[in-house]
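S.K.: need a structure here:
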Amino acid sequence: MKTAILPILAFFCLLVGCEEDRDTGESQSVGGGTQGEPIVRQEPTRVIVTSDDDSLPDGCHPRQVAGLVISFVDAFNSGDQASLSRIFFVSEGPSPPDFAERGYEPWSWYTVGEVETGGRLESSFVTYDQGELLRYFARRHRKGEQLRLLKISLTQTGLLGKDDNAGFVYVLNRTARDLEPGLGGPARIASGQGAINCTNRRIFAWRMDMKAEERRTSREAANWLCTDPPGWKPGKAVVACT
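M.R.: This next block holds a predicted model:
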C-alpha cells in the first residue's frame, strides 16, 4: 500500500536543501532512451567535475561524493549485499550530534516515491531500519532493478550539526521489470536527494522519486543540475559539481 510521505519530504528538504528542477517545461522530443533500454555500466565509471570548492571538508568534494554514490549504484546493480551494508547506514533514533532523546527526529532513512498526476507524492517504499533496507535491496535485485547515475551536485555541509555531513541532489535512470508503464517516461528518469558522512563514507539518507508524467530525455531531465561539459553524453560519464 502506498503511503503519503509529505512529513518525511518536508524534513528532507530542511536536511539537505531541496532544489527545484529549473527545467519544468515538457519537451516535444522524447528521444535519448526507451523503456526497454538496458543500463550497461563501463568500468571504471568516469567522473567529470565541473565545479568544486576548496573549503569543503576532505571526503566532501564532488568527485569523492560521486565516487561513493557510484559505489552504491554498482553494488545495488550487482546485488552486492556486503558492499551495500558498508555504504549505507540507516537507523531510527535520536538525532546527532548528541543523540539525546530531546533531539529525536527522523534523520536517517531510504525512501522511494512516485509523483502522481497533479503533483501528489506517494511512497512505494520507506524504511528507517538497516536490515529491512538490505532485504529491500535484495528484492529489487530479483526484480532486475538497475540504476545509472547521470549527474550529482552537493547542496550543503554541516548537516545535523556535523561539519563532515553533506547533502546532495542527483538525477539517474532507473529500470526494473515491475515498474509501472510510463513511470519516469521513456528514459525512466528518477531524481532525489541524499546525505552522507564524508569521514565514514556512508550514506545515511536517500530519497528517490519518479514522475508519472515524465516526458524528458536523460539530457533534458539532468539539464538543471551541473553544467553540461563539452561532448558529454548521458550514461558515458557522471557529471559532479557543487
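S.K.: Point out where this protein drops to low pLDDT.
M.R.: When the per-residue scores of the chain are filtered using pLDDT under 70, the ranges that remain are 1-43, 92-107.
S.K.: Tell me where it has helices.
M.R.: With helices called from DSSP state H, the chain shows them at 6-12, 62-78, 81-87, 130-142, 218-222.
S.K.: tell me the most buried of those helices?
M.R.: helix 218-222 (a mean of 24; mean count of other C-beta atoms under 10 Å). Any C-beta I mention is one placed from the backbone N, CA and C, and that applies to glycine too.
S.K.: Distance from that one to the middle of the chain?
M.R.: Put simply, helix 218-222 sits 15 Å off its chain's centre (C-alpha atoms, centre = their mean, to the nearest Å).
S.K.: Which elements pack onto it?
M.R.: strand 146-157, strand 165-175, strand 189-197 (3 or more C-beta pairs under 8 Å, 6 or more residues apart in numbering; DSSP states H and E).
S.K.: Can you lay out those strands as a markdown table showing mean neighbour count and distance to residue 77?
M.R.: Formatted as a markdown table, the entries for those read as follows, by neighbours: other C-beta atoms under 10 Å; distance: least, C-beta to C-beta, whole Å:
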| stretch | mean neighbour count | distance to residue 77 |
| --- | --- | --- |
| strand 146-157 | 22 | 5 |
| strand 165-175 | 24 | 10 |
| strand 189-197 | 24 | 14 |
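S.K.: Which of the ones you listed sits closest to residue 81?
M.R.: For residue 81, the closest of these is strand 146-157, at 15.9 Å, according to C-beta to C-beta.
S.K.: The closest one pairs with which strands, parallel or anti?
M.R.: Using DSSP bridges, the neighbouring strands of strand 146-157 in the sheet come out as strand 165-175 (antiparallel), strand 238-241 (parallel).
S.K.: which stretch among these comes nearest residue 214?
M.R.: Ranking the strands paired with strand 146-157 by distance to residue 214, with C-beta to C-beta as the measure, places strand 165-175 first at 11.1 Å.
S.K.: Report the angle between the closest one and strand 189-197.
M.R.: 150 degrees (axes from the mean of the first three to the mean of the last three C-alpha atoms, to 10 degrees).
S.K.: on that earlier part again, minimum distance to residue 215: which of the helices and strands packed on helix 218-222 has it?
M.R.: Distances from residue 215 to each of the helices and strands packed on helix 218-222 were compared by C-beta to C-beta, and the smallest falls on strand 189-197, at 9.4 Å.
S.K.: For the closest one, enumerate the helices and strands it packs against.
M.R.: With contacts defined as 3+ C-beta pairs under 8 Å, 6+ apart, the packing partners of strand 189-197 are helix 62-78, strand 165-175, strand 202-211, helix 218-222.
S.K.: switch the cut-off to 10 Å
M.R.: helix 6-12, helix 62-78, strand 109-115, strand 146-157, strand 165-175, strand 202-211, helix 218-222 (3 or more C-beta pairs under 10 Å, 6 or more residues apart in numbering; DSSP states H and E).
S.K.: Going by contacts, tell me the helices and strands next to the longest one.
M.R.: In other words, helix 62-78. With contacts taken as 3+ C-beta pairs under 10 Å, 6+ apart, helix 62-78 sits against strand 47-49, helix 81-87, helix 130-142, strand 146-157, strand 165-175, strand 189-197, strand 202-211, strand 238-241.
S.K.: Identify the residues contacting the second one?
M.R.: Contact partners of helix 81-87, identified using C-beta atoms under 10 Å, 6 or more residues apart in numbering, comprise 68-69, 71-76, 78, 80, 130-131, 133-135, 137-138, 141, 196, 200-203.
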